[in-house]
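> I'd like to go over a predicted model; first the sequence, then the structure.
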Amino acid sequence: MLSRREKEIVELRQAIIDQSWKIIQEEGWQALSIRKIADAINYSVPVIYKHFENKEAIVEYFSKQGFNNLATHLQEARDKGTDEIDQLRQIALGYWEFASTQTPSYRIMFGLGIPACETINSSDEMKASSNMMLQAIEAILSHYNNEQVDRHLKLKTFWSMLHGFVAIDLLSNKEISKLPPPTVIDAVEGFIYTLQKHK
């Protein structure tokens, strides 16, 4: 059981996180500052620095949290698949759904409109989503006994393709359409075709 002091520290950290997220959502990343957070929760700036060394550290926290949520979302989507091909298809649809329903988080995760955190690129949180995609790709390659394909190249292609479509949609609109456009479906089906062994 936490002591009163420990409980206060936990509550203060959560207040910093909650207020930071509120500022990012309402005013955008550029409006976030340690001073603004401190003023909003009625604490001094040095107190905030005891929990996060700068605002980039706060963004990194949200990035890791976002990738954790993405991994969970993709797992749930993959579980809906009826076979190897449908599992990868469901992952693609789940990825789009995540981006469309958790857009502010997605922007932070991939540095869309904000400075990207270099450390997140090698984080365990990001690898969880990456490994899930790779496993789904490998399952199709194994099913079709296709050993000629570079699976890591295919992983990069798959993720780049999905992210590219999301980024394009975000450049055109503030929000992403709830359902993926036909171009996304067509691209995913075309990608799946390349994983199958054809004579």
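The structure has been received and is ready for your questions.
> quick one: least confident helix or strand in the chain?
helix 103-110 (a mean of 88; mean pLDDT, DSSP states H and E).
> residue contacts, the most centrally placed residue in the chain?
By CA atoms, centre = their mean, the chain has its centre lying nearest to F67, at 4.1 Å. By CB atoms under 8 Å, 6 or more residues apart in numbering, the contact set of F67 is M109, I120, S123, E125, M126, A128, S129. Glycine gets a C-beta too; all of them are placed from N, C-alpha and C.
> so for the third one, what's the pLDDT?
It refers to S123. If you check S123, the pLDDT there is 77.
> list the buried residues for stretch 140-159?
I140, L141, V149, R151, K154, L155, F158 (16 or more other CB atoms under 10 Å).
> output it as CSV, restricted to C-alpha atoms.
Extracted C-alpha coordinates of stretch 140-159, given in CSV (Å, rounded to 0.1, in the frame of the first residue of the first chain):
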residue,chain,number,x,y,z
ILE,A,140,1.2,-16.3,-45.2
LEU,A,141,4.6,-17.0,-46.6
SER,A,142,4.8,-20.3,-44.7
HIS,A,143,1.4,-21.3,-45.8
TYR,A,144,2.3,-20.8,-49.5
ASN,A,145,5.8,-22.2,-49.0
ASN,A,146,7.2,-18.9,-50.4
GLU,A,147,10.8,-18.7,-49.4
GLN,A,148,11.9,-16.3,-52.1
VAL,A,149,10.5,-13.2,-50.4
ASP,A,150,12.4,-10.9,-48.0
ARG,A,151,10.0,-10.9,-45.1
HIS,A,152,11.6,-7.9,-43.5
LEU,A,153,11.3,-5.9,-46.7
LYS,A,154,7.7,-6.9,-46.9
LEU,A,155,7.1,-5.7,-43.3
LYS,A,156,8.6,-2.3,-44.2
THR,A,157,6.5,-2.1,-47.3
PHE,A,158,3.3,-3.1,-45.4
TRP,A,159,3.8,-0.6,-42.6
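> what sits against N69?
The contact partners of N69, by CB under 8 Å, 6+ apart, come to F98, Q102, S105.
> and it, how far from D86?
Between N69 and D86 the distance, using CB to CB, to the nearest Å, works out to 23 Å.
> return the list of helices and strands in contact with the helix or strand following the least confident helix or strand of the chain.
For helix 103-110, the following helix or strand on the C-terminal side (DSSP states H and E) is helix 124-143. Helix 124-143 sits against helix 55-78, helix 84-101, helix 151-172, helix 182-195, with contacts defined as 3 or more CB pairs under 8 Å, 6 or more residues apart in numbering; DSSP states H and E.
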